[in-house]
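Peer 1: Model the structure of this input:
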Amino acid sequence: MSQGDRFWPDAPALRQEPHFGDRTLDVFADRPRDLDAMLAAAAAANPHGDAVICGSVRISHARLRVMADQVAALLTAEGISRGDRVGLLVGNRWEFVAALVGGVRAGIVIVPLSTRASSPELAYILDDCGAALTICEAELAHRLPEGARRLAIGAEPDTTEDARDPFAEILATASQTLATDALPVPLAEEDLAVILYTSGTTGNPKGAMLTHLNIAHSCLVYRHCMRLTAADRTIVAVPASHVTGLIANVFALLGVGGAVVMMARFEADAFLALATAERMTFTIMVPAMYNLCLLRADFTRHDLSHWRVGSFGGAPMPVATIERVAQLLPNLDLVQAYGATETTSPATIMPAGGQIARPASVGAPVPGANIRIMDSEGHEVPRGQSGEVWIGGPMVVPGYWNLPEKTAESFIDGAWRSGDVGRLDEAGYLFIHDRLKDMINRGGYKVFSAEVENVLAFHPGVAEVAVVPYPDPVLGEKVQAFVHRRDAEIDETVLAAFCRVRLADYKIPDRFVFTTDPLPRNANGKLMKSPLREQARTDAARDV
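Peer 2: Numbers count the residues shown, from 1 in each chain. Predicted coordinates:
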């Protein structure tokens, strides 16, 4: 019996099957045989419905299938064949989706790349995966390694204006006629479809290998757990090259025949206007994006009545934000989803209507998931106790590209070691306390930074906050809070007093650092604590 059975009684039946060598997994018995079959079925069911919207460009599902054939033919003409890796250095544009579905159609492995990545980062990834070609925006071509084969979208700055743009030609020639199986490529569900490189906060990034089975399973999870249909419309406000944008927004919506609205760069005013204009029904973003929207004075003037599911992940959402969203959008079901690149997006999802009752929980195990809480010796702890979160299931990738030792360290008995500290409550809901590396040991007392951050986020003068340790010769570590304040009148005394009535004394930050600037975030909107930890260490050394 799957852990998720009791939470998702209406989900399709699961059955146990062997996969990825030595894993026995609970998988959907009725599922598409591969991603191309999933996309073809969705297009056949809703051929004239919007598939991709990007500015003035609107592409139906039938037209997108034609484009998939055209892109596959283009790649074949470039000498790319099944199993080859192709980099995709393209932002949130319609061409990203066209290249993605064309790659699936051709049986190649797409390697999405962040448009904010530096030249050395791109060089490492393209060399590591052995990319045979990179599809890139012309303006970004200069970042690629010298001599790297590329297929440019638009004219490169150092070429003539009449340089060929094959994707523009595809857009101009793709008809509305539903594509046929003109380019059949044999696919297997354990074939690689995508390699997503992790952020690489320590050392070089690792390439997580996402198979057709991994992605199809996650798409079915989103379909059934969030009740997605062809009537749904999402805005891709996070980078499409990240697991959340790629799986939760692009693949999940295309897989049900819904509409994917591409947003080049998130900006709260533009997002709210676009959500109104396109009648957005679903999206998934990081909590900071919700906060930025709530800060807009004209928030309530936008017609968001079609928005029925607002999902979030990537970081804890302060309870204050959850309550504020519930107050302003009472018909919106705010849903937390928890996962990672290695879990092909969702491992847990909060069942409908449950976020207000359990605001600190990241949800319940999705169908097929097996979540265990383990101690430092690799033994499962009793229900209710904290430990490292291990995740198993058909959404867990088989490993890292070309890194057998890292794979062996991180994947044990078919489960991925998340590096998160959490617990399962008696009802089976998962709570994430912190990253193992973010847990602060203050004189033997464990302080979870997320707990302190959640309390401080309730103060009306705090826009955002990050809590990190700093070294102390007596206690080992102390607690430092970086506060982006919206009220210049608040100070350390005010916030310490605020914490004192809500936290144990050892959890109250020993030091506050205030800023009027937003805290550092990466391209995916996640808070970057590494520079803050370094600043805290530097501050502590200076004070000695």
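Peer 1: Need phi/psi at the residue lying closest to A43 once chain neighbours are set aside.
Peer 2: For A43, ignoring the flanking residues on the chain, the nearest one in space by C-beta to C-beta, 6 or more residues apart in numbering is H61 at 3.9 Å. (Each C-beta comes from the backbone N, C-alpha and C, glycine too.) Per-residue torsions, H61: phi -60, psi -40 (degrees, to the nearest 10).
Peer 1: and H61, how many residues sit next to it?
Peer 2: Residues near H61, counting by other C-beta atoms under 10 Å, number 25.
Peer 1: swap in I247?
Peer 2: For I247, the number of neighbouring residues by other C-beta under 10 Å comes to 28.
Peer 1: what sits against the residue nearest to A43?
Peer 2: Applying C-beta atoms under 8 Å, 6 or more residues apart in numbering to H61 gives the contacts A42, A43, N46, P47, H48, G49, D50, A51, L254, G257.
Peer 1: same thing with D517?
Peer 2: By C-beta under 8 Å, 6+ apart, the contact list for D517 reads H484.
Peer 1: which sections of this structure are below the confidence cut-off?
Peer 2: Within the chain, the stretches with pLDDT under 70 are 1, 155-163, 176-184, 199-203, 315-316, 444, 523-525, 544.
Peer 1: Next, name the residue at the spatial heart of it.
Peer 2: T244 (2.4 Å; C-alpha atoms, centre = their mean).
Peer 1: For the residue nearest to K437 when sequence neighbours are not counted, grab the count of nearby residues.
Peer 2: Once flanking residues are discounted, K437 sits nearest to G419: 7.3 Å by C-beta to C-beta, 6+ apart. The local packing count at G419 equals 13, with neighbours defined by other C-beta under 10 Å.
Peer 1: how would you label G419: helix, strand or coil?
Peer 2: Secondary structure assignment for G419 (DSSP: H, G, I helix; E, B strand; the rest coil): strand.
Peer 1: Torsion angles phi and psi at the closest residue in space to Q3 that isn't next to it in sequence?
Peer 2: In space, and not counting its chain neighbours, Q3 is closest to P365: 4.1 Å by C-beta to C-beta, 6+ apart. Geometry field for P365 lists phi and psi as phi -60, psi 140, criterion degrees, to the nearest 10.
Peer 1: Tally up the residues packed near P365, please.
Peer 2: Here the count is done by other C-beta under 10 Å, and P365 has 27 residues near it.
Peer 1: Surely it touches I371?
Peer 2: Yes: if you go by C-beta atoms under 8 Å, P365 and I371 touch, sitting 5.0 Å apart.
Peer 1: related to what we said a few turns ago, which of the contacts of H61 has the most neighbours?
Peer 2: Each of the contacts of H61 was scored for neighbours by other C-beta under 10 Å, and A51 scores highest at 28 neighbours.
Peer 1: Which strands or helices does the helix or strand that contains it pack on?
Peer 2: A51 is located in strand 50-54, with elements delineated by DSSP states H and E. Under the contact criterion of 3 or more C-beta pairs under 8 Å, 6 or more residues apart in numbering; DSSP states H and E, strand 50-54 touches strand 57-60, helix 61-77, helix 94-106, strand 259-262.
Peer 1: Which residues belonging to the last one are considered buried?
Peer 2: Residues of strand 259-262 classed as buried: A259, V260, V261, M262 (neighbour count, 16 or more other C-beta atoms under 10 Å).
Peer 1: what about the third one, distance to N214?
Peer 2: In this structure, V261 lies at 25 Å from N214, with C-beta to C-beta, to the nearest Å as the measure.
Peer 1: Just put the contacts of H61 in a markdown table and tack on distance to F28.
Peer 2: Rendered in a markdown table, the data for the contacts of H61 read as follows (distance: C-beta to C-beta, whole Å):
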| residue | distance to F28 |
| --- | --- |
| A42 | 16 |
| A43 | 20 |
| N46 | 21 |
| P47 | 25 |
| H48 | 28 |
| G49 | 24 |
| D50 | 27 |
| A51 | 23 |
| L254 | 18 |
| G257 | 18 |
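Peer 1: Can you give the contact residues for the helix or strand hosting E451?
Peer 2: For E451, the element it lies in under DSSP H and E is helix 449-456. For helix 449-456, contacts defined as C-beta under 8 Å, 6+ apart pick out 316, 318-319, 360, 432-434, 438-440, 462, 465-468, 479, 481, 483, 495, 498-499, 502-503, 507-509.
Peer 1: Which parts of the stretch 301-450 of the chain are strands?
Peer 2: If you assign secondary structure with DSSP state E, counting those that start in this stretch, the strands in the stretch 301-450 of the chain sit at 309-312, 333-340, 345-349, 364-365, 370-374, 387-392, 411-412, 415-424, 430-435, 440-442, 445-447.
Peer 1: I'd like to know which of the buried residues of strand 259-262 is nearest to A415.
Peer 2: Top of the list for closeness to A415, among the buried residues of strand 259-262 and by C-beta to C-beta, is V260 at 31.7 Å.
Peer 1: What's opposite that closest one in the beta bridge?
Peer 2: Beta bridges link V260 to V52, T234, judged by DSSP bridges.
Peer 1: so M67 makes contact with A98?
Peer 2: Yes: M67 sits in contact with A98 when judged by C-beta under 8 Å, with a separation of 4.8 Å.
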